[in-house]
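Chemist: After the sequence you'll find the predicted model.
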Amino acid sequence: MLKNIDLSKVLFFDIECVSAEPAYEALSEEFQDLWRRKARNLSREAEPLDDERVAELYRERAAIYAEFGKIVCISVGLVVRDRASGRLHLRIKSFADTDERKVLQDFSDLVNQYFSDITKHYFCGHNIKEFDVPYICRRMVVHQMELPKPFRLRGLKPWETGHLLDTMELWKFGDRKAFTSLRLLTALFGIPSPKDDIDGSEVGRVFHEEQDVDRIARYCEKDVLATVQLFLRYRYEPLLEPEQVTFVDRD
């Protein structure tokens, strides 16, 4: 039961990814060929893909594949309960940098120090089982970094990954055929939309053209806040008010 979970033991998180290079033309010849093969598999077009279409698909889709993308931000949120008032308070912090290894190391250090025991701690996000967690693990292996203990999932049975709370999976109630976006669920539950600046399609441009990782972090943090609010709704609890949320290092 979700209501039995101690919220202070849950690390809410979200990641933001961009393509490894700003454009298809910037890839090495080997990776241009590898992406061209990937693009053929992704495209549903009957005609062969020309270079322009291959480059367009790279701009649109490369970021979501760990082999062709990289992580530029991981935002985390921790809920605590005030002992005197009983009110919840959420603290949100981001690890954002142009150096992917630094982002991954900072996140790993946090997990290893405070959330390493999967019998006591949980990780929560939207679609984390199919996207965020595998992406983080793959990029850490690329960098030859040791995975945090809670993310060492190889060989585990589905019932042994109960420390991963996926708000998309929780909404399925056994339905395996549909993807439900965080934006749709926030609208459904009356949660203020986190998308009031950029959207996912603009993250790559903001990174490669503007090098504005702080703006990307703010965007990512809003998804963490929305996920916490959604999780509270799943527990039949009221939403957090603005004064109950602190953005660390951005006050």
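Modeler: Alright, I've got the coordinates. Numbering: from 1, shown residues only.
Chemist: Just give me the longest helix of this structure.
Modeler: Longest helix in the chain, counting residues (DSSP state H): helix 213-234.
Chemist: and it, what does it pack onto?
Modeler: Counting contacts by 3 or more Cβ pairs under 8 Å, 6 or more residues apart in numbering; DSSP states H and E, helix 213-234 packs against strand 10-19, strand 69-81, strand 88-96, strand 122-125, helix 167-172, helix 182-188, helix 203-208. For the C-beta atoms, the positions are set from N, CA and C on the backbone; glycine is no exception.
Chemist: which residue sits closest to E21, ignoring its sequence neighbours?
Modeler: Spatially, and ignoring its direct neighbours in sequence, E21 is nearest to L27 (5.3 Å; Cβ to Cβ, 6 or more residues apart in numbering).
Chemist: same check, this time on L57
Modeler: The spatially closest residue to L57, leaving aside those adjacent along the chain, is A39, at 4.5 Å (Cβ to Cβ, 6+ apart).
Chemist: Now do the helix or strand where the one you found lies: which elements does it pack against?
Modeler: A39 is part of helix 29-42, with elements assigned from DSSP states H and E. Applying 3+ Cβ pairs under 8 Å, 6+ apart, we find helix 29-42 packed against helix 51-61.
Chemist: what's the angle from the helix it packs on to strand 10-19?
Modeler: For helix 51-61 against strand 10-19, the angle by axes from the mean of the first three to the mean of the last three Cα atoms, to 10 degrees is 160 degrees.
Chemist: shaky segments in the stretch 1-150 of the chain?
Modeler: Residue ranges of the stretch 1-150 of the chain with pLDDT under 70: 45-47.
Chemist: repeat that with 80
Modeler: Along the stretch 1-150 of the chain, segments meeting pLDDT under 80 span 1, 44-47.
Chemist: coming back round to it: R36 versus the residue nearest to E21, what's the distance?
Modeler: 10 Å (Cβ to Cβ, to the nearest Å).
Chemist: more crowded one of these two?
Modeler: A side-by-side neighbour count of L27 and R36, using other Cβ atoms under 10 Å, places L27 first with 20 against 17.
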